[in-house]
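K.L.:
Provide a 3D model corresponding to the input given below.
(one chain, ligands or ions: 1)
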Amino acid sequence: MFIDLSEVTQRLRRMSSEELDVSGSYQNFLLDLLNEGKDTLGVEHVSVWLFDDITAPNKLINVASTQWPNDQSVIDYPELLCEEFPNYFEAIASGISIDANDAATDPRTSEFKESYLDVHNITTMLDTVIFKNGIPHGVVCFEGTGEQRYWQSAEIAYAEMMADCCSRRLLVNDLWSLQQQLTEMAFQDALTGLKNRRYLMDYAHREISRHIRSGQQLSVVMIDIDHFKLINDSYGHEIGDVVLRAFSQQCLQALRTEDCLCRLGGEEFIILLPNTSVEGAVEVAERLRRHVEKHIIESGTHHIQVTVSCGVGEVNLAKPFSQSLKEADHAVYDAKAKGRNCVVVY
Ligand SMILES: Nc1nc2c(ncn2[C@@H]2O[C@H](COP(=O)(O)OP(=O)(O)OP(=O)(O)O)[C@@H](O)[C@H]2O)c(=O)[nH]1
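P.N.:
Predicted structure coming up:
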């Protein structure tokens, strides 16, 4: 097959520079490349396989394929075990492209004969190595059916270019995942795993706009653990942390998933309740107060009962959210003055 390298190189270089949408679970960010390779080399299908562990690979995992349906995500990714295909794994580890003209007799691919090649009528394979930091990370597999093929050097060079493009796309995907993690961390409280104050302010801002449009009520409940200092002083700061974590889980159990529970800091928490009146918010706070009071927290030999004081208020949609927080805080102050373990409305 004749390949005009200058033309396909141009196309690949342009594709490589395109912005990637890596947000979907299905590997569309690889598929356009693979389809390009399939058409250019005129093969039956193209797939990408990655090592499970780049430093000590045990298996190759199939992460993308031109054979997979476009509209559904693949749940079980096919795998190849190193112990079953040692020659193939050794060939990949060498980093040199596998140009198996006759896949059934080539020593690098003949291991697939009965289980795969014969079953799918694959006659020829061209596998090029994907590198990560200079180390083999996986392969792009071009598989052909029908007439036996004699891979030309231009075709091999093209397939290697494809593998390099895949490397870059996988790198972009890694960076995107990292960025996602960092974003999550920025909005999460490290101790309890709940959302933090930054998230609350952002979320409240959006909810206020939405509630102005819908005309629904938005309420807030501030929760403060009673005599928390005493827990720290009696059992130590570490047990205090255990209590904060267990308490957070108790609160989540008592709430609906759409209720936004955040840790403001210390032993102070807040729930933002969308589409909820003050009466509704009082019910939520009472339910939560009773739930917390009833469930003893166990840590080692310690059995610790926690109670909470809650302040409830309606969020004034015309004023800054910080004002609503101040009002709820005021109500908590009143609840403490009333003897704690109770709910007070601002
Ligand atoms: N273990 C632990 N303690 C914390 C954390 N953050 C704040 N604290 C402690 O929480 C305690 C809060 O004490 P206070 O503000 O006096 O309130 P309180 O003892 O709960 O008393 P009342 O609110 O009046 O019922 C302080 O001792 C803080 O050091 C944390 O992340 N872990």
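K.L.:
could you give the bridge partners of Lys59?
P.N.:
Taking DSSP bridges, one finds Leu81 as the beta-bridge partners of Lys59.
K.L.:
surely it and Leu80 touch.
P.N.:
Yes: contact status for Lys59 versus Leu80: in contact at 6.1 Å, counting by CB atoms under 8 Å. For every residue, glycine as well, the C-beta is placed using N, CA and C.
K.L.:
quick check: domain ranges of this protein?
P.N.:
In the assignment given by automatic domain parsing, the structural domains of the chain cover 5-182, 197-345.
K.L.:
please name the residues that touch the residue in the stretch 151-300 of the chain that the ligand sits nearest to.
P.N.:
For the stretch 151-300 of the chain and the ligand, the shortest gap (CB to the nearest ligand atom) falls at Gly240, measuring 2.6 Å. Neighbour list for Gly240: 228, 231-232 [criterion: CB atoms under 8 Å, 6 or more residues apart in numbering].
K.L.:
now do the end-to-end distance for stretch 125-144.
P.N.:
Looking at stretch 125-144, the gap from its leading to its trailing residue is 6 Å under the measure CA to CA, to the nearest Å.
K.L.:
pipe the contacts of Gly240 into a markdown table and attach secondary structure, pLDDT and neighbour count per row.
P.N.:
As requested, the contacts of Gly240 are exported to a markdown table (DSSP: H, G, I helix; E, B strand; the rest coil; pLDDT from 0 to 100; neighbours: other CB atoms under 10 Å):
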| residue | secondary structure | pLDDT | neighbour count |
| --- | --- | --- | --- |
| Phe228 | helix | 96 | 18 |
| Ile231 | helix | 95 | 23 |
| Asn232 | helix | 95 | 16 |
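K.L.:
and those residues near the ligand, which?
P.N.:
228, 232 (CB under 6 Å from any ligand atom).
K.L.:
need the contacts of Gly240 in TSV with distance to Asp102, can you?
P.N.:
Formatted as TSV, those follow (distance: CB to CB, whole Å):
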residue	distance to Asp102
Phe228	74
Ile231	74
Asn232	74
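K.L.:
which one of the contacts of Gly240 is nearest Tyr346?
P.N.:
Here the nearest of the contacts of Gly240 to Tyr346, counting by CB to CB, is Phe228; it sits at 22.2 Å.
K.L.:
show the pLDDT at the nearest residue to that closest one once chain neighbours are set aside.
P.N.:
Using CB to CB, 6 or more residues apart in numbering and skipping residues adjacent in sequence, the residue nearest Phe228 is Glu267, 4.0 Å away. The score at Glu267 is 94. That number is its pLDDT.
K.L.:
for Ile75, same thing?
P.N.:
Taken from the predicted model, the pLDDT recorded for Ile75 is 65.
K.L.:
could you do the one 3 residues further on as well?
P.N.:
pLDDT, Pro78: 89.
K.L.:
measure how buried the nearest residue to it once chain neighbours are set aside is and give me the count.
P.N.:
Ranked by CB to CB, 6+ apart and with sequence neighbours excluded, the top spatial neighbour of Pro78 is Asn62, at 4.2 Å. Summarising burial for Asn62: neighbours were counted as other CB atoms under 10 Å, giving 19.
K.L.:
next: Thr257.
P.N.:
6.
K.L.:
how about the one 5 residues further on?
P.N.:
For Cys262, the count of nearby residues is 24 (other CB under 10 Å).
K.L.:
right, and it touches Leu252 too?
P.N.:
No: under the criterion of CB under 8 Å, Cys262 is not in contact with Leu252, lying 11.6 Å apart.
K.L.:
now for those two: what residues contact both?
P.N.:
Counting by CB under 8 Å, 6+ apart, the shared contacts of Cys262 and Leu252 are Leu194.
K.L.:
about what we covered before: just the CA atoms of the strand or helix carrying the residue nearest to Pro78, as PDB, please.
P.N.:
Asn62 is part of strand 59-65, with elements assigned from DSSP states H and E. Extracted in PDB, the C-alpha atoms of strand 59-65 (Å, rounded to 0.1, in the frame of the first residue of the first chain):
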ATOM      1  CA  LYS A  59      -1.100  -7.500  31.900                       C
ATOM      2  CA  LEU A  60      -2.200  -5.300  29.000                       C
ATOM      3  CA  ILE A  61      -5.600  -3.600  29.300                       C
ATOM      4  CA  ASN A  62      -7.500  -2.700  26.200                       C
ATOM      5  CA  VAL A  63      -8.600   0.900  26.700                       C
ATOM      6  CA  ALA A  64      -9.900   1.900  23.300                       C
ATOM      7  CA  SER A  65     -10.900   0.200  20.100                       C
END
